[in-house]
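*Asks:* Sequence first, then the predicted structure, then my questions.
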Amino acid sequence: MSARYPTLAAAVMAGTAKDRGVRFREPDGERAMSYAELASEVRRVARVLLDRGLRPGDRLGMLVSDNRDFLTGFLGAICGGVVPVPMYPPLMLGGLDVYVQSAARILVNAEARGVFASRALVPLVADIAGRVPSIDVVLEAEECSYCPPDLALPDVQPDHLAFLQFTSGTTSAPKGVMVTHRALMANASALAFDVLRVDPRRDWGVSWLPMYHDMGLIGMTIVPLIMQASMWFLPPLTFLKAPTSWIEAIHEVGASISFAPNFAYSLVTRRATEAQLGRWNLSRWRVAGCGAELINPKTLVAFQEKLARCGFRPSAFLPCYGMAEATLAITMTPVDEGMTTIPIDRARLAETGTAVRATEPASALELVSCGCPLPGHEVWIVDDAGTDVPEGHVGEITVRGPSITTGYFEDPVATASTFRNGWLHTGDLGFIRDGLLYVSGRQKELIILNGRNYHPEPIEWAAAEVEGVRRGAVVAFSRVGADGEQLVIALESSNETAEETLPRRVAKKIRGDLGLHVSDVFIVPPRSIPKTTSGKLRRNHARALYLGALAARGQDGQPPSVVR
């Protein structure tokens, strides 16, 4: 079993395994590196960065579309004492003008000294770098193939900054989370040794998750690395084009660990064919992690029922909860326990903020447990005044422990607001029942109707069940009308011929399932529902766009497609 390391640099440099490593599946074939080869390559890249004039502590933007180049560049920066800033590639955004502005804003906030980029992106990077005064070094990933001088690598310490992880911007502008080596190794080690209990001799994983986000970078890259457990990486675009390629890879390599957001399990359930189901063998998949967004229990049940014939076991499900400000994971479900749910009385939750078990199925809102805090961490639920609330009462989720990061880079105001008295105030709402955390939504996204609080996700889940609604492309929010707050649904249609009746069918479904009146169902063009780079819905941004559309049409507050 691997040892615990004080820094990620120490873990990388200790890589000696020649029979285990990382494999990168690309459209033109597969490339492999043992952990011993990776350590050697990372040392070389670290020296290249230092040879080009970067110094320990300098921030380096990572604009790389290739998994192998990203990994060697990221770890090279880590071992050279340079602070990498993972960034999403332009393929995730529709317009390059918007992308250039967004990328430049991140690099300005990071006070980046350089950019490490794929050759194909260098012309775009030149445009971005021209907007960032602090940048004076631009390196092509392919340029780092030369043999630099045998420069001494710096002594990286636990309290040194490891990397900046910019938040996804779900409810506010992205902020640079400062992740130290100490926090990173506390989180990764807890996951590897205490929660997942990774055994490098029998565990290997598959991931399509982007390496520029924390779940893909820490959960599916750094955790296996410190254990020297083998990993297979698929390009994120491969999954987006063919979601079942993820399960195909798990079947082919006999993977035992893989994580994904809720929407990925939904996509596979819908796309898996009879031929695939008859061929796949998933009997070795012991950890099927699910996090990064509120988990819909119906999604996981449907996945398990469809893939049971492939040997997939419901005990493999591992719902979890985390965020960048806590490095990655905050709570995890114990391995082999599977999904635990609780039916909550929907009316009591909306009226009083208490999670009371429902006695009638028709009145129940089923929520998924995200498990227990990581060892050495504490989770408390507090009210608006910061006072602990009793078990079963909804409040803000707060957490403290060795994985909590040190704040936001060069943003003392946001840091003081979020990190208070040693506690991270997550901005998420939830409650604790029998020692398990249940997450119910975000504070800033609450919908208040007639004095009652409603979370948007159950409303969106109900709307998504209507035929003709594109899954993952529906948002719920409120607007102020003549009679107070009104419920609005914005969605994308998957069937143009059904659009005429779709608004009324969606409104009827929500009224029947949840007892809520919908004032407007607004159909928007394909791929126009705003999302973060990790695929999370940006509800507040969607609301702003909706209100802007009303104002542009001169409706005087009257929505363009009122459902009566």
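*Replies:* Perfect, I can see it now. Residues are numbered from 1 along each chain as shown.
*Asks:* which stretches of the stretch 101-250 of the chain form strands?
*Replies:* If DSSP state E, counting those that start in this stretch is used as the criterion, the strands of the stretch 101-250 of the chain fall at 114-117, 137-140, 161-166, 176-180, 205-207, 231-233.
*Asks:* For residue 350, find the nearest of those.
*Replies:* With respect to residue 350, and counting by Cβ to Cβ, the nearest of the strands of the stretch 101-250 of the chain is strand 176-180 at 32.7 Å. Where you see a C-beta, it was placed from the backbone N, CA and C, and this is true even at glycine.
*Asks:* Let me see the contact set for residue 477.
*Replies:* Taking Cβ atoms under 8 Å, 6 or more residues apart in numbering as the definition of contact, the neighbours of residue 477 are 445, 447, 456, 488, 490, 539, 540, 542, 543, 546.
*Asks:* Give the buried residues for the lengthiest strand in the chain.
*Replies:* With residue count as the measure and DSSP state E as the assignment, the chain has strand 469-481 as its longest strand. By neighbour count, and taking 16 or more other Cβ atoms under 10 Å as the criterion, the buried residues in strand 469-481 are 469, 471, 472, 473, 474, 475, 476, 477, 478, 479.
*Asks:* so what strands line up beside that strand?
*Replies:* Looking at strand 469-481 with DSSP bridges, its partner strands are strand 484-493 (antiparallel).
*Asks:* re earlier: just put the strands of the stretch 101-250 of the chain in JSON lines and tack on distance to residue 12.
*Replies:* Conversion of the strands of the stretch 101-250 of the chain to JSON lines gives the following (distance: least, Cβ to Cβ, whole Å):
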{"stretch": "strand 114-117", "distance to residue 12": "17"}
{"stretch": "strand 137-140", "distance to residue 12": "19"}
{"stretch": "strand 161-166", "distance to residue 12": "11"}
{"stretch": "strand 176-180", "distance to residue 12": "16"}
{"stretch": "strand 205-207", "distance to residue 12": "18"}
{"stretch": "strand 231-233", "distance to residue 12": "14"}
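*Asks:* between the ones you listed, which one is nearest to residue 26?
*Replies:* Judging the strands of the stretch 101-250 of the chain by Cβ to Cβ, what sits closest to residue 26 is strand 231-233, at 9.3 Å.
*Asks:* residues making contact with that closest one?
*Replies:* With Cβ under 8 Å, 6+ apart as the criterion, strand 231-233 contacts 22-25, 67, 204-208, 211, 220-221, 224, 249, 253, 255.
*Asks:* again, only using 6 Å
*Replies:* Taking contacts as Cβ atoms under 6 Å, 6 or more residues apart in numbering, the residues outside strand 231-233 that touch it are 22, 23, 24, 67, 205, 206, 207, 224, 249, 253.
*Asks:* chain center to the helix ranked longest in the chain: distance?
*Replies:* As assigned by DSSP state H, the longest helix anywhere in the chain is helix 35-51. Centre-to-centre, helix 35-51 and its host chain are 28 Å apart (Cα atoms, centre = their mean, to the nearest Å).
*Asks:* And the contacts of that helix?
*Replies:* Where contact means Cβ under 6 Å, 6+ apart, the residues beyond helix 35-51 that reach it are 12-13, 15-18, 21, 72, 75-76, 79-80, 82, 144, 148, 151, 153, 228.
*Asks:* out of the residues you listed, which are inside strands?
*Replies:* Helix and strand membership here follows DSSP E; of the contacts of helix 35-51, those in strands are residue 21.
*Asks:* Out of the contacts of helix 35-51, which end up buried?
*Replies:* Judged by neighbour count, with buriedness set by 16+ other Cβ under 10 Å, the buried members of these are 12-13, 15, 17, 21, 72, 75-76, 79-80, 82, 144, 148, 153, 228.
*Asks:* quick revisit: and the contacts of helix 35-51, which of them are in helices?
*Replies:* Within the contacts of helix 35-51, residues falling in helices by DSSP H are 12, 13, 72, 75, 76, 79.
*Asks:* Kindly state the pLDDT recorded for the fifth one?
*Replies:* So that's residue 76. The model reports residue 76 with a pLDDT of 97.
*Asks:* Contact partners for it?
*Replies:* Shown here is residue 76, whose contacts under the criterion Cβ under 6 Å, 6+ apart are 42, 45, 46, 49.
*Asks:* Looking at the longest strand of the chain now, give me its mean pLDDT.
*Replies:* Mean pLDDT, strand 469-481: 83.
*Asks:* same question, stretch 128-137
*Replies:* Predicted confidence along stretch 128-137 averages 91 (mean pLDDT).
*Asks:* go on, stretch 100-118?
*Replies:* Per-residue pLDDT values across stretch 100-118 average out to 92.
*Asks:* which one of the buried residues of strand 469-481 sits closest to residue 260?
*Replies:* After measuring the buried residues of strand 469-481 against residue 260 - Cβ to Cβ - the closest member comes out as residue 472, at 13.0 Å.
*Asks:* The closest one is in contact with residue 261, isn't it?
*Replies:* No: with contacts counted by Cβ atoms under 6 Å, residue 472 stays clear of residue 261, the gap being 9.8 Å.
*Asks:* Could you list the low-confidence segments of the stretch 1-150 of the chain?
*Replies:* Low-confidence segments of the stretch 1-150 of the chain, defined by pLDDT under 70, are located at 1-3, 91-95.
*Asks:* do the stretch 201-350 of the chain as well
*Replies:* The low-confidence ranges in the stretch 201-350 of the chain, as defined by pLDDT under 70, are absent entirely.
*Asks:* Now residue 528: closest residue in space that isn't a chain neighbour?
*Replies:* The shortest distance from residue 528 to any residue other than its chain neighbours is 7.0 Å, reached at residue 492 (Cβ to Cβ, 6 or more residues apart in numbering).
*Asks:* Test my guess that the one you found contacts residue 470.
*Replies:* Yes: Residue 492 lies in contact with residue 470 (Cβ under 6 Å); the separation is 4.2 Å.
*Asks:* Which stretches in the stretch 351-500 of the chain count as strands?
*Replies:* With DSSP E, counting those that start in this stretch, the ranges of strands along the stretch 351-500 of the chain come out as 364-368, 372-373, 378-382, 395-400, 419-420, 423-433, 436-442, 447-449, 452-454, 469-481, 484-493.
*Asks:* In CSV, list those along with distance to residue 188.
*Replies:* Shown next, in CSV, are these (distance: least, Cβ to Cβ, whole Å):
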stretch, distance to residue 188
strand 364-368, 24
strand 372-373, 16
strand 378-382, 19
strand 395-400, 17
strand 419-420, 21
strand 423-433, 18
strand 436-442, 21
strand 447-449, 36
strand 452-454, 36
strand 469-481, 29
strand 484-493, 37
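*Asks:* For residue 276, which of those is the nearest?
*Replies:* Going through these one by one, with Cβ to Cβ as the measure, strand 469-481 comes closest at 19.1 Å.
*Asks:* Can you show me the CA trace of the closest one as PDB?
*Replies:* The C-alpha atoms that make up strand 469-481 are tabulated as PDB, following Å, rounded to 0.1, in the frame of the first residue of the first chain:
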ATOM      1  CA  VAL A 469     -38.400  18.400 -22.700                       C
ATOM      2  CA  ARG A 470     -34.700  18.100 -23.300                       C
ATOM      3  CA  ARG A 471     -33.100  16.400 -20.200                       C
ATOM      4  CA  GLY A 472     -30.700  18.600 -18.300                       C
ATOM      5  CA  ALA A 473     -31.900  21.700 -20.100                       C
ATOM      6  CA  VAL A 474     -34.700  23.000 -17.900                       C
ATOM      7  CA  VAL A 475     -34.400  25.700 -15.100                       C
ATOM      8  CA  ALA A 476     -36.900  26.900 -12.500                       C
ATOM      9  CA  PHE A 477     -36.800  30.400 -11.000                       C
ATOM     10  CA  SER A 478     -39.200  33.100  -9.900                       C
ATOM     11  CA  ARG A 479     -40.100  36.600 -11.100                       C
ATOM     12  CA  VAL A 480     -42.000  39.400  -9.400                       C
ATOM     13  CA  GLY A 481     -45.500  39.800 -10.800                       C
END
